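J.: What follows is a protein structure lacking sequence information:
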């Protein structure tokens, strides 16, 4: 590993990245970030930070692009875009990132990776990507934090903003491939009162690959074709006094698929005729009340009370062992919480922010099965006779109480340090449930007895086996229980100003995530179950367990990072090397079960970026990020797959501006080939081009061409999904797309 870092350091001096364009030094100095849950200068943060503003979102995204796609193209340490509803595999430096929207964390105990797809870019004012494990935010941030800030009200009495957009594939360039987008916002300031209301809708037809062939819905994690998305947000803010304010924020998002297509195989293709009444769905709503007081016992007080709920429905998926089953699941979660923080300036050199977080979550997952014979005879086209919902894992109630504190110390004029820590208590109530395998066997017991009879007649199992089995399967409910554990994390960082234009930084930090209790216990077997007896009939070795056998604990990650950043009038850049290690890891098995193993996982790499303003009209930037990862196993070190550790990613862009009227940007993103222990992935290159023309001060036209060269490839996610779930999940990536949007503010 020491040779890897040495080579990385040398290479990093020549390769660079700046996804969001060059900012002047005076602009950069004003940027504040939320790395420590309070506003501060970017210059003082001892970690890598990427900032994306509203103008960047408008300029660098085609119509219909999700937030996961935009960030995957631009942030060097983030996994590549998936072109799926799921953002699974879009890790930050090989670890899960905590998604935060307006101060509210979006993670749950049941880890379903759709958070980046449940908010449209039109509602976003600003995004801050803080890389590296983060202690003060709590669970879910072992790789860092992606903090999303939604639109803010206008300072005028009444302001309107309207956007109309369309996107189509170049083959076919018609309504079959179209994405239609419309949004409307009204906001303003009336004395001490501010308001904002925004609505948006996106109608999406089918996707087509670079050869002009239609892409079928992906059955494992769900695609976004043939869907209708709706979104709304309301903000109301009052300045109660010169020193206090209150803000009410409500958000809603829903996207539901309504497709008549399915994935036919041999060869892979999209075929018409899908019969499925309950199609995939993603919905989220949240309501928050934020109170701030600038002088509260000599401190600044911030209190956020919130409630959030979401529902994700998946595409049906067929299993053959131990019994044939076509399964469709729904995952729900509802959370309520409060976040209280106090910050103060102790003296001229030392400041402190501390606080308490409390959250109560209720999570559940259920499923329905469909007629397997109809599914098989129609080659995956017909889903009929759905059953009543059954348990697809236990309901889990999670309660978290955390306290945190962070000190900042100006040790000398050019040297600043910080130290933070967090302690959290976690309590989970696991409810009694009927494991889905039990339900499947009960409903197919006649088939099981017939199969056992065939095996007995053939002499493959002992004589009398069938006679020893009951005529009806006795369903064994798995008894629940309570899990109590805790988590500790700290961070230590330093920044040193080499000059007014450049600085060095170092950070040692910890983060943690909760084990996915509901998923881990989905396949649990009760001590009274008949499954261990029946399992050998299907060459399955099954054992019983209890809730206590899970030995629940958080998955801790330790992170180390050191780097440099600088900014001058025509040049900016940064370079960082990092190493992180966790004490446990998940293993996804071929039979779709999941294990939590006490095995160490290490990831190390570097990120670098440079950015030049060659003249008033031309800018140029390039980047390179590379990481490697391995896991300890009984047989030695095992390379982590590309869906966990992003392959080396190189980006380059050139941008041309004519005053304030016209802007053109062409950018390349290249992913390298990646070799892992189980699944190798092929790299690819994608070129995008975006242009903006301002007709007047408050109206503009935006045009874009994505995948300009018509690259025919599969995303990293779909290469992994094909190996994991089968050919129907190996969807090709979208081909060339052309977009046009008109925005006006008045």
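T.: Nice, I can see it. Keep in mind the model is a prediction, meaning the values are calculated, not measured.
J.: I'd like to know which elements the helix or strand that contains residue 417 is packed against.
T.: Using DSSP states H and E, the element containing residue 417 is strand 415-430. With contacts taken as 3 or more CB pairs under 8 Å, 6 or more residues apart in numbering; DSSP states H and E, strand 415-430 sits against strand 396-412, strand 481-499. No exception for glycine: its C-beta is placed from N, CA and C like everyone else's.
J.: That one: what's the following helix or strand?
T.: helix 436-443.
J.: Just the residues contacting that following helix, thanks.
T.: Helix 436-443 has contacts (CB atoms under 8 Å, 6 or more residues apart in numbering) with 322-323, 325, 327, 367, 369, 387, 390-393, 448, 472-473, 475-477, 522-523, 525-526, 529-531, 534.
J.: ranges for the strands of the stretch 201-350 of the chain?
T.: Ranges of strands in the stretch 201-350 of the chain, per DSSP state E, counting those that start in this stretch, are 227-239, 244-257, 261-264, 269-272, 281-296, 299-313, 317-319, 325-345, 350-370.
J.: Ramachandran angles for residue 718?
T.: Phi and psi for residue 718, reported as degrees, to the nearest 10, are phi -70, psi -30.
J.: picking up where we left off before, now mean neighbour count and mean pLDDT too, for the helices and strands packed on strand 415-430, in a markdown table please.
T.: Below are the helices and strands packed on strand 415-430 laid out as a markdown table (neighbours: other CB atoms under 10 Å; pLDDT from 0 to 100):
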| stretch | mean neighbour count | mean pLDDT |
| --- | --- | --- |
| strand 396-412 | 18 | 96 |
| strand 481-499 | 17 | 95 |
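J.: hey, which helix or strand in the chain has the poorest pLDDT?
T.: helix 2-12 (a mean of 36; mean pLDDT, DSSP states H and E).
J.: Where does the prediction get shaky in the chain?
T.: Scanning the chain with the threshold set as pLDDT under 70 gives 1-31, 587-594.
J.: Tell me where it has helices.
T.: Along the chain, the segments classed as helices by DSSP state H run 2-12, 25-30, 54-59, 67-74, 372-377, 436-443, 445-457, 465-468, 517-520, 531-534, 716-725.
J.: next one: the last one to chain centre, how far?
T.: Centroid separation for helix 716-725 versus its chain: 17 Å, with CA atoms, centre = their mean, to the nearest Å.
J.: That one vs helix 67-74, what angle?
T.: 120 degrees (axes from the mean of the first three to the mean of the last three CA atoms, to 10 degrees).
J.: before we move on, what about the longest one?
T.: Inter-element angle recorded for helix 445-457 and helix 67-74: 60 degrees (by the same axes, to 10 degrees).
J.: helices or strands up against helix 445-457?
T.: Right, helix 445-457 is packed against helix 465-468 by 3+ CB pairs under 8 Å, 6+ apart.
J.: And the contacts of the helix it packs on?
T.: 449, 452-453, 455-456, 537.
J.: if we can go back for a sec, which one of the strands of the stretch 201-350 of the chain lies closest to residue 696?
T.: strand 227-239 (26.9 Å; CB to CB).
J.: Restrict the contacts of helix 465-468 to the buried ones and give me that as a PyMOL selection.
T.: In PyMOL syntax, the buried subset of the contacts of helix 465-468 is picked out as below (16 or more other CB atoms under 10 Å):
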select buried, resi 449+452+455+456+537
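J.: I'd like the contacts of helix 465-468 written out as JSON lines, with distance to residue 78 added.
T.: Below are the contacts of helix 465-468 laid out as JSON lines (distance: CB to CB, whole Å):
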{"residue": "449", "distance to residue 78": "51"}
{"residue": "452", "distance to residue 78": "50"}
{"residue": "453", "distance to residue 78": "54"}
{"residue": "455", "distance to residue 78": "50"}
{"residue": "456", "distance to residue 78": "55"}
{"residue": "537", "distance to residue 78": "46"}
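J.: between the contacts of helix 465-468, which is closest to residue 335?
T.: residue 537 (42.2 Å).
J.: Now do the same contact list for the closest one.
T.: 322, 448, 451-452, 455, 461, 465.
J.: Any chance of CSV for the helices and strands packed on strand 415-430, columns distance to residue 182?
T.: Listed next are the helices and strands packed on strand 415-430 as CSV, based on distance: least, CB to CB, whole Å:
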stretch, distance to residue 182
strand 396-412, 38
strand 481-499, 43
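J.: which residue sits closest to residue 536, ignoring its sequence neighbours?
T.: The shortest distance from residue 536 to any non-neighbouring residue, by CB to CB, 6 or more residues apart in numbering, is to residue 461 (7.6 Å).
J.: Over to the one you found: give its phi and psi.
T.: phi -130, psi 160.
J.: How about the contacts made by it?
T.: Per CB under 8 Å, 6+ apart, neighbours of residue 461: 452, 455, 536-537.
J.: I'd like to know how far it sits from residue 533.
T.: In this view, residue 461 and residue 533 are 11 Å apart by CB to CB, to the nearest Å.
J.: One more: residue 713?
T.: 48 Å.
J.: now do residue 370
T.: 28 Å.
J.: Test my guess that residue 205 contacts residue 172.
T.: No. Between residue 205 and residue 172 there is no contact under CB atoms under 8 Å: 10.1 Å.
J.: Comparing these two, which residue is more hemmed in?
T.: With neighbours defined as other CB atoms under 10 Å, residue 205 and residue 172 compare such that residue 205 has more, 21 against 14.
J.: So what does the nearest residue to the more buried one once chain neighbours are set aside have for phi and psi?
T.: Residue nearest to residue 205 in three dimensions, not counting chain neighbours: residue 178, with 5.0 Å by CB to CB, 6+ apart. For residue 178, the backbone dihedrals (degrees, to the nearest 10) come out as phi -80, psi 150.
J.: repeat for residue 672
T.: phi -80, psi 160.
J.: tell me the contacts of it?
T.: 647-650, 683.
J.: can we see that at 10 Å?
T.: 626, 642, 646-650, 681-685 (CB atoms under 10 Å, 6 or more residues apart in numbering).
J.: Among these, which one sits closest to residue 218?
T.: Of the contacts of residue 672, the one sitting nearest to residue 218 (CB to CB) turns out to be residue 681, at 16.7 Å.
J.: give me the number of residues near the closest one?
T.: By other CB under 10 Å, the residues close to residue 681 number 24.
J.: any idea how far residue 675 is from it?
T.: 8 Å.
J.: what is in contact with those two at once?
T.: Both residue 681 and residue 675 are contacted by 641-642, 647, under the criterion CB under 10 Å, 6+ apart.
J.: What subset of the residues you listed is buried?
T.: Buried among these by 16+ other CB under 10 Å: 641-642, 647.
J.: which of residue 370 and residue 533 has more neighbours?
T.: Neighbour comparison, residue 370 and residue 533: the larger count goes to residue 370, with 22 against 12 (by other CB under 10 Å).
J.: Quick check: that one touching residue 328?
T.: Yes. Applying CB atoms under 10 Å, one finds residue 370 in contact with residue 328, separated by 7.1 Å.
J.: buried residues in stretch 531-541?
T.: 531, 534-535, 537.
J.: Among those residues, which one sits closest to residue 729?
T.: Nearest to residue 729 among the buried residues of stretch 531-541 is residue 535, at 27.2 Å by CB to CB.
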